[in-house]
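Novice: Dropping a prediction and its sequence here:
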Amino acid sequence: MAVPKRKTSKSRRDKRRTHQKTSAPAVSACANCGEAKRPHTVCPSCGTYRGRELAPLSVE
């Protein structure tokens with residue numbers, strides 16, 4: 001089994017991890033109400049997708 005000869009420095013470790021950060025989720029505006037929503041999903045505020053009302057609004 002391979003064992004490292006020297007300790008990996010914090011600088012080298014962090015340089016390797018720079019590409020592993022997560023990015024913010026994509027957000028687009030709803031064409032019907034203008035609220036922010038995830039692309040290719042039903043709008044959570046008005047319940048429409050591509051001009052059609054799909055989900056009835058649940059008011060509880």
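Specialist: On my side now, so go ahead. Numbering: from 1, shown residues only.
Novice: Helices of this protein, residue ranges please.
Specialist: Assignment of helices within the chain using DSSP state H yields the ranges 10-17.
Novice: Nearest residue to the middle of it?
Specialist: Nearest to the mean C-alpha position of the chain, by CA atoms, centre = their mean, lies residue 25 at 2.5 Å.
Novice: what sits against it?
Specialist: Residues near residue 25 by CB atoms under 8 Å, 6 or more residues apart in numbering: residue 38. Where you see a C-beta, it was placed from the backbone N, CA and C, and this is true even at glycine.
Novice: If we use 10 Å, what do you get?
Specialist: By CB atoms under 10 Å, 6 or more residues apart in numbering, the contact set of residue 25 is 38-39.
Novice: Check residue 31 too.
Specialist: The contact partners of residue 31, taken as CB under 10 Å, 6+ apart, are 37, 43, 46, 48-51.
Novice: Among the residues you listed, which one has the most neighbours?
Specialist: Neighbour counts for those, by other CB atoms under 10 Å, peak at residue 43, which reaches 22 neighbours.
Novice: To what extent is the closest residue to that residue other than its chain neighbours buried, counted in neighbours?
Specialist: Leaving out its chain neighbours, the residue that sits closest to residue 43 by CB to CB, 6 or more residues apart in numbering is residue 30, at 4.3 Å. Residues lying near residue 30 (other CB under 10 Å) number 17.
Novice: in the protein, which helix or strand is least confident?
Specialist: When the helices and strands of the chain are scored by mean pLDDT, DSSP states H and E, strand 52-53 comes last with a mean of 87.
Novice: still on that earlier bit, go through the contacts of residue 31 and name the one with the lowest pLDDT.
Specialist: Among the contacts of residue 31, residue 51 has the lowest pLDDT, at 85.
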